[in-house]
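**Student:** Structure for this input, please:
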Amino acid sequence: YRCEHRECGATVHTDINDVLLKTKGDHCHVIEPENNKIRIFKQVVKERAINESTPIPEIYEEESAKMILSPATIAILPSQREMSCSLNKTRRLETPRIPDSQIFDIPDIYTKTLKNKEFFLCR
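**Tutor:** Below you'll find the predicted structure:
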């Protein structure tokens, strides 16, 4: 991993399980805890936007109400309008494509009733 500040040369090496292997360099800037809270907030909102069909403004409001944020963090928190474009794009990418044709196979489990009788007469 690399520090998000371009001027900073601090890096961390981990294995596949995120176990720390090696660190290199020191941070050349003050670490801001507000940015970490905002990153967590964005991750939570993004996960909910992908996994739920709840409207994005509602997700934003619920998550911002849940988090305990300092006035400094609230001041730099991106607005719902600023985040909605990327969240809509993320949600759109997770939505399955519209099929090109009307031809598809119906799995056998859906062709019979609970009493194992044929449900569809023609195939």
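**Student:** the helices in the protein, which residues?
**Tutor:** Ranges of helices in the chain, per DSSP state H, are 33-51, 56-66, 71-76, 80-94.
**Student:** Would you convert those into JSON lines that also reports mean pLDDT, mean neighbour count and distance to residue 118?
**Tutor:** For every residue, glycine as well, the C-beta is placed using N, CA and C. Below are the helices of the chain laid out as JSON lines (pLDDT from 0 to 100; neighbours: other Cβ atoms under 10 Å; distance: least, Cβ to Cβ, whole Å):
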{"stretch": "helix 33-51", "mean pLDDT": "91", "mean neighbour count": "15", "distance to residue 118": "37"}
{"stretch": "helix 56-66", "mean pLDDT": "94", "mean neighbour count": "15", "distance to residue 118": "44"}
{"stretch": "helix 71-76", "mean pLDDT": "88", "mean neighbour count": "12", "distance to residue 118": "61"}
{"stretch": "helix 80-94", "mean pLDDT": "92", "mean neighbour count": "13", "distance to residue 118": "36"}
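**Student:** So for residue 15, which of those sits nearest?
**Tutor:** helix 33-51 (21.8 Å; Cβ to Cβ).
**Student:** Tell me how far residue 67 lies from residue 96.
**Tutor:** 32 Å (Cβ to Cβ, to the nearest Å).
**Student:** neighbour-wise, which of these two wins?
**Tutor:** For residue 67 versus residue 96, neighbours defined as other Cβ atoms under 10 Å are more numerous around residue 67 (15 against 5).
**Student:** Contacts only, for that one.
**Tutor:** Neighbouring residues of residue 67 by Cβ atoms under 8 Å, 6 or more residues apart in numbering: 37, 40, 41.
**Student:** what about 6 Å?
**Tutor:** residue 41 (Cβ atoms under 6 Å, 6 or more residues apart in numbering).
**Student:** one step back: out of the helices of the chain, which is closest to residue 12?
**Tutor:** That would be, of the helices of the chain and by Cβ to Cβ, helix 33-51, which comes in at 14.9 Å.
**Student:** Show me how the record splits this structure into domains.
**Tutor:** 1-31, 32-94 (automatic domain parsing).
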